[in-house]
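Engineer: Sequence first, predicted model second:
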Amino acid sequence: MKEYQLKDLRPQEAKNYSINYQGELNESQLSAVMIKKGPALVIAGAGSGKTRTLVYRVARLVEDGILPQQILLLTFTRKAAQEMLRRASNLLDSRCGHVSGGTFHSFANQVIRRYAKYAGLAENFTILDRKDAEDVVGFIRNRDGFYKNKKRFPRKDTIADIISKAVNKDCRIKDIIRDQYPHFLEHWEAIEKIKASYSDYKLSKSILDYDDLLIYLEKILSQNEDIRKKVSTFYKYIMIDEFQDTNKLQAKIAYLLASEHKNIMVVGDDSQSIYSFRGANFKNIMDFPQTFPDAALIKLEQNYRSTQPILDFTNRIIHFAKEKYDKNLYTKKEGEGKPVFIETENENYQSRFIIQRVLELREEGVELQDMAVLFRSSWQSMDLEIELNTHNIPYTIYGGIKFSEAAHIKDVLSFLKVSYNPMDSVSWTRALLLLEGIGPKTAGDITSKIVEEGAGIDFLKNGLHEKKKYCSCLRNLQEVLNFTGRPDDSISFTEKLKNVIDFYTPLLKEKYDDFNRRLDDLSSLENIASRYKDLESFLSDITLEPVDESQFKVTPEDNEDEKLILSTIHSAKGLEWHTVFIIFLIDGYLPSSYSLNSSEEIEEERRLLYVASTRASQNLYLLKPQAGRFSGNFFDPSFMRFSQTSRFLKEGDILDKYVEKWALKD
């Protein structure tokens, strides 16, 4: 039987809103806010007022009489959801505080507890945090005897990471290992068994990990029609922030939640999709119009952060992306200076320029916390950290730990410290525990002999160790350490450092599953050390001063918390600064050498540069040292040396029209 839809032909009265939406929003923002029914995709360019748009839409739906509890706002952090609802409440009234807002995982927890029996779970299931999950994986690994494997088997944290990535990327264990841990590929079947045993164990104990929350929510909604209808009918309006960062499971859940009414608005920026390593799926935001062919597409292109020359540069960078939503960011903000491109003689010149320019800007009234140095990988800030410390400029690091605090760097430094000061018992213990066959008791006994009984480094080669399996290793260590590192040594400090690193490299490979990535740090350490004549000055500079001490030396008394920001690009997303320096714009660094065999990964590297560049409001400095460091194993004769400017800057006319080139004079 054919259905005929009756329309409401009665004259409609204009809605009187308490908020002047038309006066407070630009045209594109207003279009997004005023959508009432159906699916919508909002492509929000960097700095275009994405959060403002979501806040006003929450208020507008509430003003339209939608029950706040039936509006679902999903974000990636609880803080983000709380902040949006707080702003909406201030904008309208306290009703907005009752909107159902939170993260995917917190929402999943609520729904699963309500329908636990349909998933075969007890209502009082508990949730494992990451550390607990690793411990359970470790228990299963040992219980099932995989630790006895003659060939090296991954540790519990690595196995847990592999299992989690397989869930979030919705792919096979074998694929994750092949792409990220190829040295463990022969163990993929064993890890599959551990994954299965891990799932059985959790189910039998009524425990879930974070990934299970998404798995079980999707399972409940997709396998039980009545529950899906009930949940989807209750939440009449779905809004999802940062949709480009969702994984496949989260997208499936979103579509199931909207299945009864299709009132789903997803907001995000395809050009800022940079978290594939966490499982984020770029295709989710690109394929939304295919999932909902009648979806409204709105682009927020007016930028409220950066000057037009910076936006011209970022627009041009993303112009060459292979897959994207076309958009052109523009601003009404004044500013004429183009981004500055500088090719420095070496890494240290790069650091020296940043130091000098930061101090100049500070004198002009730009506070340290309004300036940021961004980099692709945390190890790339090492030389700069030392220079900042030397010049007493306080700084804080986002998205990484300080150079001397990285575990493998501390390992190498422990060898160097005991070679210079054999009475350093803390460093002795750390160094000895790296050796095979030496546990805490033996390390303590040897340290006691060397330090407390005054036997010295030569104790490592005495005959007391003849029957011990670590005998030869101790003797080799003694030969490596038997120097003071002072200028009067017959062998230079840098030569001895290379000997220490040669000795440590096999230990690094045994201790860390991701040793291939940590090798870069060792070559960085050697490069930095090459500027020093002796070990004493090297250790003095590389051991960072306490932050409070350096603050008092450089900042006014009334602003002693001021610090320069050092950050990985991943950790800088969502933030902004007056001045931004992007360092190491070298092909092989950005894009990373690990991405060069995959066109999809290279495109994500392009988006990383876009994200970094759009953090700047007034000044953007692009730095590229002429001589790149070594990539891969520094000690492998087949190493590669990177020295070319990032391919993203060499495309089209970017370096000719969109930047101003500076040359440094010494």
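Structural biologist: Arrived safely, thanks for sending. Predicted model only: the values in this text are computed from it and were never measured.
Engineer: going forward, measure contacts between C-alpha atoms and count neighbours the same way
Structural biologist: Noted.
Engineer: could you pull out the strands for the stretch 551-666 of the chain?
Structural biologist: Per DSSP state E, counting those that start in this stretch, the stretch 551-666 of the chain carries strands over the ranges 564-568, 577-582, 616-625, 630-631, 640-641, 660-662.
Engineer: among those, which is nearest Ile446?
Structural biologist: strand 630-631 (36.5 Å; C-alpha to C-alpha).
Engineer: Give me the mean pLDDT for the closest one.
Structural biologist: Taken as a whole, strand 630-631 carries a mean pLDDT of 42.
Engineer: Please apply the same query to stretch 21-31.
Structural biologist: Mean predicted lDDT for stretch 21-31 stands at 93.
Engineer: Then stretch 106-117?
Structural biologist: Average pLDDT, stretch 106-117: 88.
Engineer: same deal with stretch 37-44?
Structural biologist: Averaging pLDDT along stretch 37-44 gives 95.
Engineer: Pretty sure Lys117 sits against Ser206.
Structural biologist: No. The pair Lys117 / Ser206 is not scored as a contact, 11.2 Å apart, by C-alpha atoms under 8 Å.
Engineer: higher neighbour count, these two?
Structural biologist: Ser206 (16 against 12; other C-alpha atoms under 10 Å).
Engineer: which residue packs closest to that one, ignoring adjacent ones?
Structural biologist: Phe125 (4.9 Å; C-alpha to C-alpha, 6 or more residues apart in numbering).
Engineer: just Thr494 next, same as before
Structural biologist: Distance criterion C-alpha to C-alpha, 6+ apart; nearest residue to Thr494, sequence neighbours excluded, is Ser530 at 6.1 Å.
Engineer: how close does that neighbour get to Ser492?
Structural biologist: 10 Å (C-alpha to C-alpha, to the nearest Å).
Engineer: Just list the residues touching Ala612, thanks.
Structural biologist: Leu374, Ile569, Ala572, Lys573, Ile582 (C-alpha atoms under 8 Å, 6 or more residues apart in numbering).
Engineer: neighbours around Asn224, how many?
Structural biologist: The local packing of Asn224 (other C-alpha under 10 Å) involves 12 other residues.
Engineer: from memory Phe373 sits against Val580, does it?
Structural biologist: To be clear, residue 373 is Val; Phe isn't right here. Yes. The criterion here is C-alpha under 8 Å, and Val373 meets it with Val580 at 5.9 Å.
Engineer: So for these two, which residue has more residues nearby?
Structural biologist: When Val373 and Val580 are compared on other C-alpha under 10 Å, the one with more neighbours turns out to be Val580, at 26 against 23.
Engineer: distance of that one from Lys50?
Structural biologist: Relative to Lys50, Val580 is positioned 22 Å away (C-alpha to C-alpha).
Engineer: Also Ala296?
Structural biologist: Per C-alpha to C-alpha, Ala296 is found 16 Å from Lys50.
Engineer: ok so, going back, most neighbours among the contacts of Ala612, which one?
Structural biologist: Using other C-alpha under 10 Å as the neighbour criterion, Leu374 leads the contacts of Ala612 with 28 neighbours.
Engineer: Show me what that one bridges to in the sheet.
Structural biologist: Under DSSP bridges, the beta-bridge partners of Leu374 are Ser567, Ile582.
Engineer: From Pro154, how far out is it?
Structural biologist: Distance from Leu374 to Pro154, by C-alpha to C-alpha: 32 Å.
Engineer: Return the per-residue confidence for Ser593.
Structural biologist: pLDDT for Ser593: 84.
Engineer: can you list contacts of stretch 19-33?
Structural biologist: Stretch 19-33 is touched from outside by 40, 42, 49, 53-54, 56-57, 60, 91-92, 298-300, with contacts defined as C-alpha under 8 Å, 6+ apart.
Engineer: So of these, which two are at opposite extremes in space?
Structural biologist: Pairwise distances across the contacts of stretch 19-33 peak at 25.2 Å for Leu92 and Lys299 (criterion: C-alpha to C-alpha).
Engineer: Quick one: neighbours of Lys650, just the number.
Structural biologist: Quick note: Lys650 (other C-alpha under 10 Å) scores 13 neighbours.
Engineer: Convert stretch 520-540 to PDB, retaining C-alpha atoms only.
Structural biologist: The C-alpha coordinates for stretch 520-540 follow below in PDB (Å, rounded to 0.1, in the frame of the first residue of the first chain):
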ATOM      1  CA  ASP A 520      67.900   7.400  16.700                       C
ATOM      2  CA  ASP A 521      68.200   8.800  20.200                       C
ATOM      3  CA  LEU A 522      71.700   7.300  20.600                       C
ATOM      4  CA  SER A 523      73.000   8.900  17.400                       C
ATOM      5  CA  SER A 524      71.400  12.200  18.600                       C
ATOM      6  CA  LEU A 525      73.300  11.800  21.900                       C
ATOM      7  CA  GLU A 526      76.500  11.300  20.000                       C
ATOM      8  CA  ASN A 527      75.900  14.400  17.900                       C
ATOM      9  CA  ILE A 528      75.400  16.500  20.900                       C
ATOM     10  CA  ALA A 529      78.400  15.100  22.700                       C
ATOM     11  CA  SER A 530      80.600  16.000  19.700                       C
ATOM     12  CA  ARG A 531      80.500  19.600  20.800                       C
ATOM     13  CA  TYR A 532      82.100  18.900  24.100                       C
ATOM     14  CA  LYS A 533      85.800  18.300  24.900                       C
ATOM     15  CA  ASP A 534      85.300  16.400  28.100                       C
ATOM     16  CA  LEU A 535      82.700  14.300  30.000                       C
ATOM     17  CA  GLU A 536      82.400  16.600  32.900                       C
ATOM     18  CA  SER A 537      81.100  19.600  31.000                       C
ATOM     19  CA  PHE A 538      78.800  17.300  28.900                       C
ATOM     20  CA  LEU A 539      77.200  15.800  32.000                       C
ATOM     21  CA  SER A 540      76.900  19.200  33.600                       C
END
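Engineer: returning to what we had before: who has more neighbours, Ala296 and Lys50?
Structural biologist: Applying other C-alpha under 10 Å to Ala296 and Lys50 shows that Lys50 carries more neighbours, namely 20 against 16.
Engineer: Next, work out how far apart that one and Gly38 are.
Structural biologist: Counting by C-alpha to C-alpha - Lys50 and Gly38 are separated by 19 Å.
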